[in-house]
Each structure stands twice: as C-alpha cells, then as structure tokens.
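Asker: Make a model of this:
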Amino acid sequence: TIAFTTNGTKPSEKDASGKAELEISLDRTMSGYLVSHKEKMLCPEFYNSVLYQDDDLPAGVVLNTSLVDPKGVVGDKVQTNVYYLDADYAKRFPGCMFLSVTTDPENLLDYKTGILASGSVYDAWKKTEQGKKAIADQEWWSAETNSTRHGKKWERPCRIQFYSKTTKPDLELDAGIRVRGGMSRRQNQKSFTLYFREKYGPDQLHYALFGKEDVYKTFALRNGGNDSEYLKFKDAFIQGLGKGGKFTVLDSRPAILFLNGEYWGPYSVNEIISGQTLKNRFAVDEKNVVVIKESEVQVGKEEDIQFYKELISFDSKDFTDPEVYRQFSNIMDMQSMADYFAMRIYIGDGDWSRIHNHILWRTKDKSYNGGKWQFVVHDTDYSAGHYEEKITSPETDHFRMARENFPVFGAALRNKEFYDMFMQAIKKVGSENYKFSRVRAEMDAYDKIWGPLMPDFYRRFGDTSRLRKRCMNSTLNFFLRRYNLIIPIVEKWKP
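Answerer: As a prediction, this is how the structure comes out:
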C-alpha cells in the first residue's frame, strides 16, 4: 500500500492510505506550508521583515509517496513529484530556467536547526546589547539568525528538479543545500548553495546549466546580494559588460525557484569557482590548482597558502627596480592584473578589498600560463551608483582606494611599464566595455527579461519597485559620467 504527504514531509505511518492505488485531487490549499508558518522565518522587530501569501502567485503541490509493507512499516525510499497548478510556467517566465527544491520543512523551519528560521540564534541575539541597539536603530542587516550561520553543520538534504519547457523535470537528483551570502542572508528571500555529494546521491551534476552540458559539483541560486530588492540582475549585467579582459567571468542565468512547491521568486543561477570549474574552463588538473578567495585557500591544500604569501611579499618592494618587476612578472600575469583592476576600479566597486570579494588562481606548477596568478571577477553589484552612496559614486576616487586596499597593486604601478598597461586597460574598459550607449542597450535587454518577473516577487516579498527604478537611474547616471571623472584621476597620478 501507499503512504503520502502533500506538505513536503517524509511519509510516516500516520500518512498510510491503506490503498495500493490512489486518486488524489490536488489544489492550492495543499500548497503554502512555508508561508503559512512565516512567523518561524521572520524577525518581527524589523519593519521590513515580511512574507506574503497571495493566491495570484504560481504554486505547486509536493506529493511525497512511500510504500508500506504488510506489517505497516513505511519504506525509506520516497518518490517526490511536484505538480504545478493552473499555469504554463514556460510562458509565464520566458527566458528562465525553473527549478524545484524540496526538503522536509523541519530542515527549513525548525527552531534550533532550520536554515531559514530566525530561530534560537535570533532569540539569543536580540537579548544582547548589540541586538537591542540594532533593533532600536532598525539596522536589520546586523541581525543574527539561524540563516546567518555558516558551514557544513548548516547544510540540509534536499531534492532538486530542473525544468526547461516541459511540465516534467529534465533531471532530478538529491543534493545538499545551505543558505549563502553575507548581508543578503538577512533578506526575506535568501540565496542558496547546492552541493552534490556521494552521501546524497551522485557527486556531480551533469546538466546544461548554462547552455551546454557540463559537470558541476556545486552551484548557487543568488538573490542578487546587495541588489536583491533592486534590479536583481546588476551583478550579471556589470560582469557581462566587462567581458573581454584577461580575467574569468563566471556564468549565470535567470531562474525561478519553487521551494517545497511554493513560489520563491527570481534568482540568478551562478557558477561557483572550484577546481571543477577551472577544469571545465581551462582543461587543468583540479588537484593542481590553487584558488585564493579573500586571502584564504578556497581550492587546494592548507599549505598552498605559501604561493599567496610569495605574491603579497612584493607589497613593499621597489617595482622601479627592473629585477623586482621581472621576478613579480614570473608569478603574476600582468595583463590579467591590469585588466582586472581596470574593470573593478572603473565600475566603482564599493565592496571589494583583499579580504572581500576578491579571487585569484594559478596552477601549482607551470603547466598552465606558466603558473602565473590570474583573476576571477566576483560579486560586483555594490558598484556603479548603488544605494546612491558616496562609495559607489562616479566622482569617488576608486583608483586611490584600490592602491590602499591592494598594496601589491599600488607597488606595481610604480613601474612605468605596468602603469602604461593599466592606463591602456582602463581607457579601453571605459570607452568600449562601459560606453554609455552600450550600457543603455544592455540595461534594456536585461530588463526585458527581469522586469516582467518582478510583480510576482513583490507579491511574495514586498513591493520595492520604487527602489528598483532609482537603482536603474543611478546606474545609468554613473556610466554616463564615469569616464570623464576617473580617467583624469588616473592620468594625473604618475609612477
């Protein structure tokens, strides 16, 4: 016989139907378990902690079924099917992949262990002096909750299904899921990382995430980060315009997520830097690479930090000495350095330093690119006029900020050969990649896809449409003015 549930939980003895065949009428009342328990996820002391039920939103029902043996014992194997109600989502979300993630609701909402819950972490934090002050000042971005916790301890099993144009999934498999991000972990819509491990099932995903089939061990569902309530596409937009320099831009695409059958909004499916990513891109041995993210080893062994220490040992060296420059050039791809810093300085990145949103990689030996360091662009949404703050303003001297935040870059600029290379790179970035007419056209192209997705997002997570319009205008204004402000600053500074 069959046991079944429609709320995402694993069937148990109390869910046994006593029947070998079932006919179940599915309707909207069977969907919405997470939102109906939203008090477990929200931080009511903060004005913007909201989550709305709306019957106009698309919805699905998660039907979990298990076999029951003659003794009444429910089997461990669960068949998960998600049935979407009253909508052709391929038409509703044109240009988007859509994904379903299902897991036991306790993995998300449990007071002590739920990864989406405000939970015990929040209740303890709000009693602290720091918590009381943040609540009084409405500094929601400072809140500590279950969802701000990191690491494998906060990874939960899930089932993920990938859809393209059909009502049946192209692929489904088991994985691990964690909340990801920094400040954006406090947003009502969280970002997630999906992990493929042997303990769940296949340890790799074989799927055309970004146009052609490839192999992935992990990927991200990103809410937009600092842009989560604004354009939502700003990071992909900025990075896409910047392509062409000698640095790596990771792939991304728009998607719609259904979490336990409930509409959870538009996301960007993002490639994550890993040994597998570098193997896919550059045909390198993933065991022979070192990736440094925010001054720590992201890929490689702990002792591989020695390669990075060798690099930053040049911070205080005299690059006007040709021998020093030659030695540095033996371990650093100078064109990659020039192109990467030119791009991130030009866009006015306000959330970038040696220990934040900064990635570089190399092979341990000289088998690829002579073993020289090169760069990966990461997390650029807090730039180009974002929040209309001074730190992202077109007038701000991000060239000076980069020299201060990255001493080895400042030291290398003292060499005229590298300064000229950087000067050429930033002029090219400004006059070609981020030429205003190109920025304007690309903004329109992105908004043609993302704009129609936003009304549903507002129905679930609150209306921030005014912020979105302001962000679009401030981004365009930034690039309209940027070239004539930053280029003279760089030209005036001489090695």
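Asker: Tally up the residues packed near the residue nearest to residue 280 when sequence neighbours are not counted, please.
Answerer: Nearest non-adjacent residue to residue 280, counting by CB to CB, 6 or more residues apart in numbering: residue 214, 5.4 Å away. In this view, the C-beta of every residue, glycine as well, is placed from N, C-alpha and C. By the criterion of other CB atoms under 10 Å, residue 214 has 19 neighbours.
Asker: give me the beta-bridge partners of residue 214?
Answerer: When assigned by DSSP bridges, residue 214 has beta-bridge partners residue 207.
Asker: My read is that it contacts residue 277, right?
Answerer: No. Using CB atoms under 8 Å, residue 214 is not in contact with residue 277; the gap is 9.3 Å.
Asker: buried residues in stretch 138-147?
Answerer: By 16 or more other CB atoms under 10 Å, the buried positions in stretch 138-147 come out as 140, 142, 143, 144, 145, 146, 147.
Asker: And for stretch 283-296?
Answerer: Under 16+ other CB under 10 Å, the buried positions of stretch 283-296 are 284, 288, 289, 290, 291, 292, 293.
Asker: swap in stretch 233-249?
Answerer: So, applying 16+ other CB under 10 Å, buried residues of stretch 233-249: 233-239, 241-242, 245-249.
Asker: same deal with stretch 5-15?
Answerer: Buried residues in stretch 5-15, counted by 16+ other CB under 10 Å: 5, 6, 7, 8, 9, 10, 11, 15.
Asker: do the same with stretch 328-340
Answerer: By neighbour count on 16+ other CB under 10 Å, the buried set for stretch 328-340 is 328, 329, 332, 333, 334, 335, 336, 337, 338, 339, 340.
Asker: Equivalent analysis for stretch 188-208, please.
Answerer: Buried residues in stretch 188-208, defined by neighbour count with 16+ other CB under 10 Å: 188-197, 200, 205, 207.
Asker: which residues does the most centrally placed residue in the chain form a beta bridge with?
Answerer: The centre of the chain sits closest to residue 222, judged by CA atoms, centre = their mean, with a distance of 3.5 Å. Listed beta-bridge partners, residue 222: residue 268 (assigned using DSSP bridges).
Asker: thinking again about what came up before, which of the buried residues of stretch 328-340 fall within helices?
Answerer: Assignment to helices by DSSP state H places the following of the buried residues of stretch 328-340 there: 328, 329, 334, 335, 336, 337, 338, 339, 340.
Asker: Among those residues, find me the one that's closest to residue 369.
Answerer: residue 336 (8.6 Å; CB to CB).
Asker: shouldn't the closest one be in contact with residue 246?
Answerer: Yes. With contact defined as CB under 8 Å, residue 336 counts as touching residue 246 (4.3 Å).
Asker: got any residues that touch both of the two?
Answerer: The contact sets of residue 336 and residue 246 overlap at residue 374 (CB atoms under 8 Å, 6 or more residues apart in numbering).
Asker: circling back: now do the contacts for the residue nearest to residue 280.
Answerer: With contact taken as CB under 8 Å, 6+ apart, residue 214 is in contact with 206, 207, 208, 280.
Asker: can I get these in CSV with pLDDT and distance to residue 258?
Answerer: Below are these laid out as CSV (pLDDT from 0 to 100; distance: CB to CB, whole Å):
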residue, pLDDT, distance to residue 258
206, 97, 22
207, 96, 17
208, 95, 20
280, 94, 28
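Asker: can you redo the residues you listed as TSV with distance to residue 410?
Answerer: Formatted as TSV, these follow (distance: CB to CB, whole Å):
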residue	distance to residue 410
206	44
207	43
208	43
280	34
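Asker: in the protein, what spans have low per-residue confidence?
Answerer: For the chain, the stretches flagged by pLDDT under 70 are 165-166.
Asker: In it, spot the helix with the most residues.
Answerer: The residue-count maximum for a helix in the chain (DSSP H) belongs to helix 465-481.
Asker: What's the first helix or strand after it?
Answerer: Following helix 465-481 in sequence order, the next helix or strand is helix 483-492 (DSSP states H and E).
Asker: buried sites along that next one?
Answerer: Buried residues in helix 483-492, counted by 16+ other CB under 10 Å: 483, 486, 487, 490.
Asker: Let me have these in TSV, adding distance to residue 52 as columns.
Answerer: Below are these laid out as TSV (distance: CB to CB, whole Å):
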residue	distance to residue 52
483	42
486	42
487	46
490	47
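Asker: hmm, back to that, and the longest helix of the chain, how far out from the chain middle?
Answerer: Taking the mean of its C-alpha atoms, helix 465-481 sits 22 Å from the chain's own mean (CA atoms, centre = their mean, to the nearest Å).
Asker: Show me what that helix is packed up against.
Answerer: Judged by 3 or more CB pairs under 8 Å, 6 or more residues apart in numbering; DSSP states H and E, the packing partners of helix 465-481 are helix 436-450, helix 454-461.
Asker: Distance to residue 170 and mean neighbour count added to these, as a markdown table?
Answerer: Below are the helices and strands packed on helix 465-481 laid out as a markdown table (distance: least, CB to CB, whole Å; neighbours: other CB atoms under 10 Å):
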| stretch | distance to residue 170 | mean neighbour count |
| --- | --- | --- |
| helix 436-450 | 20 | 15 |
| helix 454-461 | 23 | 18 |
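Asker: Quick one: closest of those to residue 183.
Answerer: Among these, the nearest to residue 183 by CB to CB is helix 454-461 (15.8 Å).
Asker: If anything else comes up later, I'll come back, but that's it for now.
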